[in-house]
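Asker: got a structure for you, letters missing:
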């Protein structure tokens, strides 16, 4: 299939739309708040495009699920992209360090917003960062696996050497006892008895 070539006007329109976007960073996410809930709340202030939330460490999740039985997903921080950077800046300035609010019985009503507008920050900066961190994490895992394999090989080699030495000692011990027995028999058989002297 032939790739469609974008016209100059479409490229210019896309660039203008892209330059108009703004991103805010949330340093904390209310406990177990999901993407659709966050979108629902922030969409009241302006058009929200994309949202990315960082899941908590898997080890912490397993521990929480084991001891508390809570299987819901928890997030540590996140990024929200608004269609208009002016709106994003205004949202961050207005909501930061304030309670989420709503009805008193609302689950998140007492939680506080912790957000900051990221000046000159675009969504592709976030995707590049995530890709970089993923590569670093994968490389770290590969290095740890390689080190573990080396340590295992070293241990197995040492075990084989120890086993071979033990077998050699056993063989030498058996050979030594056999040679000693034969030598002892030869010595006994080599003794010549004198004839009895007559008076």
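Answerer: That came in fine, so what should we check first? None of these values were measured; they are calculated from a predicted model.

Asker: contacts, neighbours, all on C-alpha from now
Answerer: Noted.

Asker: The protein: strands as residue ranges?
Answerer: Along the chain, counting by DSSP state E, strands occupy 22-26, 48-55, 75-82, 115-118.

Asker: pLDDT weak spots in this structure?
Answerer: Along the chain, the parts satisfying pLDDT under 70 run over 1-6, 14, 69, 132-142, 176-199.

Asker: for residue 70, what are its contacts?
Answerer: residue 64 (Cα atoms under 8 Å, 6 or more residues apart in numbering).

Asker: sorry, back to before: okay if I get the strands of the chain as CSV plus distance to residue 8?
Answerer: As requested, the strands of the chain are exported to CSV (distance: least, Cα to Cα, whole Å):
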stretch, distance to residue 8
strand 22-26, 24
strand 48-55, 24
strand 75-82, 25
strand 115-118, 29
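
Asker: How about residue 51: what's its closest non-neighbour residue?
Answerer: Among residues not flanking residue 51 along the chain, residue 80 sits closest, at 4.6 Å (Cα to Cα, 6 or more residues apart in numbering).

Asker: ok, back up a step: could the strands of the chain go into a markdown table alongside mean neighbour count?
Answerer: Shown next, in a markdown table, are the strands of the chain (neighbours: other Cα atoms under 10 Å):
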| stretch | mean neighbour count |
| --- | --- |
| strand 22-26 | 23 |
| strand 48-55 | 16 |
| strand 75-82 | 20 |
| strand 115-118 | 20 |
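
Asker: Compare the ones you listed and report which one is nearest to residue 150.
Answerer: strand 48-55 (32.4 Å; Cα to Cα).

Asker: strand partners of that closest one, parallel vs antiparallel please.
Answerer: Its sheet considered, strand 48-55 pairs with strand 75-82 (antiparallel) by DSSP bridges.
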